[in-house]
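Predicted model follows, preceded by the sequence.
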Amino acid sequence: MKYLVTGAAGYIGSHTARELLMRGAERVVAVDSLERGHRAAIGVLERLAPGRVRFVEADIRDRRTLRETLLAERPDVVLHFASFALVGESMGHPAMYWSCSAGGTASLLEAIQAAGTRRLVFSSTCATYGVPDRMPIVETMPQRPCNPYGSAKLACETMIREQVEGARRTGGDFGAVLLRYFNVAGCSADGLLGEDHDPETHLVPSALQAALGTRPALEIFGTDYPTPDGTCIRDYVHVEDLAAAHVDAVAGLRPAECRSFNVGIGRGFSVREVLAECERVVGRPIPAKIAPRREGDPPELRSDPSLVMRELGWKPRHVTLAPMVESAWRWMQANPAGYPR
Ligand code: UDP
């Protein structure tokens, strides 16, 4: 099968592209603007599968390039990751998030329609649920985002669903799967791909940077949440399991249907629990200080993954934090300054 992957130089996009190649993909067209992604990650994919990877440096809002690429390549499936993805940043820059997520997805959908691509897997988020009334989160619960990152992703979901309905009305069979990710951590087992954001704001790499001394201390954003230890609870999934969920999603794509799935392991860990696991893995205390809440953070996000398991046959290999933190720590020690720039 031929795939086009947007955001293929980013964290989840590169791990998923690697998974597709390892499972025998005939061709992966990797599209990335390199604004946040890393050319070095594409290099890893090129070395893994010589001759099967084509890199196109383009912003997904560049409608002409997208259209030309899709028409020339005619992929069987598009996997759409390209997006800004930081809740905190989105609070101060809503238009930037809407432009990239919603604008980029509109431009991609137009190109998909022009090229007659029939299948799409979309990278969505549990942030579309906002502050849910109950835990764990099931797919049928209301989506009421509480930050611009989540609002813009929800707009993309709506757009994709309407595009599926529109295609059906006009006799087409365009189908999509929306994967609502919970939190993601860890790195590829071969240690070649990693997590490298600038600035880094995610919990696991931030704690490990504090351990390595490349940041002074981990800031714990709020200890007065209504949770057992007062810090926020999240559901962490290993990036390799998340990549595998995309392969399952491709297999589960149905013509003229738009299906949504939560992807988490169904267990919640508090910020303090994640910090304790990081300290266990690095073998020493990590400097940490209590800081005010980060605006836009819901107290708890935990998935009910029964639907993705039942319908797509997805089964996470890792259901504890240890393999996530251990692989992240290995990569960070080998690449303290991230990918070569
Ligand atoms: N967090 C924290 N300190 C940090 C980074 C994150 O306390 O330096 C908390 C954050 O408030 C949230 C959780 O860790 O409750 C996970 O945050 P992250 O940014 O990793 O992912 P998000 O849930 O925002 O997608």
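That came through, no problem. The structure displayed is predicted, hence computed values, not measured ones.

For the ligand, see how far away residue 84 is.
According to Cβ to the nearest ligand atom, to the nearest Å, residue 84 stands 12 Å off from the ligand. For glycine as for every other residue, the C-beta is placed from the backbone atoms N, C-alpha and C.

Look at that residue and say how many residues are nearby.
Under the neighbour criterion other Cβ atoms under 10 Å, residue 84 is assigned a count of 18.

Now for it: which residues touch it?
36, 90, 96, 97, 100, 101, 149 (Cβ atoms under 8 Å, 6 or more residues apart in numbering).

let's see 6 Å
With contact taken as Cβ atoms under 6 Å, 6 or more residues apart in numbering, residue 84 is in contact with 97, 100.

backbone phi and psi for the nearest residue to residue 94 once chain neighbours are set aside, please?
Closest residue to residue 94 apart from its sequence neighbours, by Cβ to Cβ, 6 or more residues apart in numbering: residue 148 at 3.7 Å. As for residue 148, its main-chain torsions (degrees, to the nearest 10) stand at phi -60, psi -30.

Which single residue in this structure comes nearest to the ligand?
Here the residue of the chain nearest the ligand is residue 232; by Cβ to the nearest ligand atom that distance is 3.0 Å.

can you pull the contacts of that residue?
Each residue near residue 232 by Cβ under 6 Å, 6+ apart is listed here: 225, 271, 297, 299.

State the distance from it to residue 264.
14 Å (Cβ to Cβ, to the nearest Å).

Ok, residue 66 next?
Per Cβ to Cβ, residue 66 is found 30 Å from residue 264.

can you check residue 210 too?
25 Å.

Name the residue in these two with the higher neighbour count.
Set residue 210 next to residue 264 and count neighbours by other Cβ under 10 Å: residue 264 wins out with 27 against 21.

didn't that one look like it was pressed against residue 235?
Yes. Taking Cβ atoms under 6 Å as the definition, residue 264 is a contact partner of residue 235 at 3.6 Å.

Spit out the residues that contact the two alike.
Common neighbours of residue 264 and residue 235, counting by Cβ under 6 Å, 6+ apart, are 182, 303.

Now do the contacts for residue 297.
Listed by Cβ under 6 Å, 6+ apart, the contact set of residue 297 reads residue 232.

Let me see the confidence value for it.
pLDDT for residue 297: 92.

residue ranges for the helices of this structure, please.
Using DSSP state H, the helices of the chain run over 11-22, 39-48, 63-73, 87-92, 94-97, 104-115, 148-169, 203-212, 239-251, 271-282, 306-312, 322-334.

What lies in contact with the longest one?
Going back to what we said before, that points to helix 148-169. For helix 148-169, contacts defined as Cβ under 6 Å, 6+ apart pick out 87, 90, 94, 97-98, 101-102, 105, 109, 122, 124-125, 127-128, 143, 145, 174, 176, 178, 256, 258.

Then the third one?
Surrounding helix 63-73, the residues in contact under the criterion Cβ under 6 Å, 6+ apart are 29, 56, 58, 107, 111, 114, 115.

Could you do the shortest one as well?
For helix 94-97, contacts defined as Cβ under 6 Å, 6+ apart pick out 84, 90, 148, 149, 152.

Show me which pair in those residues is furthest apart.
Maximum pairwise distance among the contacts of helix 94-97 (Cβ to Cβ): 9.8 Å, between 84 and 148.

how about stretch 108-126, does it get close to the ligand?
No. In terms of Cβ under 6 Å from any ligand atom, no part of stretch 108-126 sits within range of the ligand; the closest distance is 7.6 Å.

in that stretch, what counts as buried?
Buried residues in stretch 108-126, counted by 16 or more other Cβ atoms under 10 Å: 108-109, 111-113, 115, 117-126.

now stretch 197-215
200-211, 215.

Among those, which pair sits farthest apart?
By the measure Cβ to Cβ, 201 and 211 form the most distant pair in the buried residues of stretch 197-215, at 16.5 Å.

comparing the helices of the chain, which gets the lowest mean pLDDT score?
Of all the helices of the chain, mean pLDDT reaches its minimum on helix 87-92 (a mean of 94).

Could you name the helices and strands sitting against it?
In terms of contacts (3 or more Cβ pairs under 6 Å, 6 or more residues apart in numbering; DSSP states H and E), helix 87-92 is packed against helix 148-169.

so how far is the helix it packs on from its chain's centroid?
Relative to the mean C-alpha coordinate of its chain, helix 148-169 is positioned 17 Å out (Cα atoms, centre = their mean, to the nearest Å).

Tell me what angle it forms with helix 104-115.
20 degrees (axes from the mean of the first three to the mean of the last three Cα atoms, to 10 degrees).

quick one: helix 148-169 near the ligand?
No. Against the ligand, helix 148-169 shows no contacts by Cβ under 6 Å from any ligand atom, the least distance being 8.2 Å.

got the helices of the chain as JSON lines, with distance to residue 132 columns?
Output for those, formatted as JSON lines (distance: least, Cβ to Cβ, whole Å):
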{"stretch": "helix 11-22", "distance to residue 132": "23"}
{"stretch": "helix 39-48", "distance to residue 132": "33"}
{"stretch": "helix 63-73", "distance to residue 132": "34"}
{"stretch": "helix 87-92", "distance to residue 132": "15"}
{"stretch": "helix 94-97", "distance to residue 132": "21"}
{"stretch": "helix 104-115", "distance to residue 132": "24"}
{"stretch": "helix 148-169", "distance to residue 132": "12"}
{"stretch": "helix 203-212", "distance to residue 132": "20"}
{"stretch": "helix 239-251", "distance to residue 132": "21"}
{"stretch": "helix 271-282", "distance to residue 132": "19"}
{"stretch": "helix 306-312", "distance to residue 132": "16"}
{"stretch": "helix 322-334", "distance to residue 132": "24"}
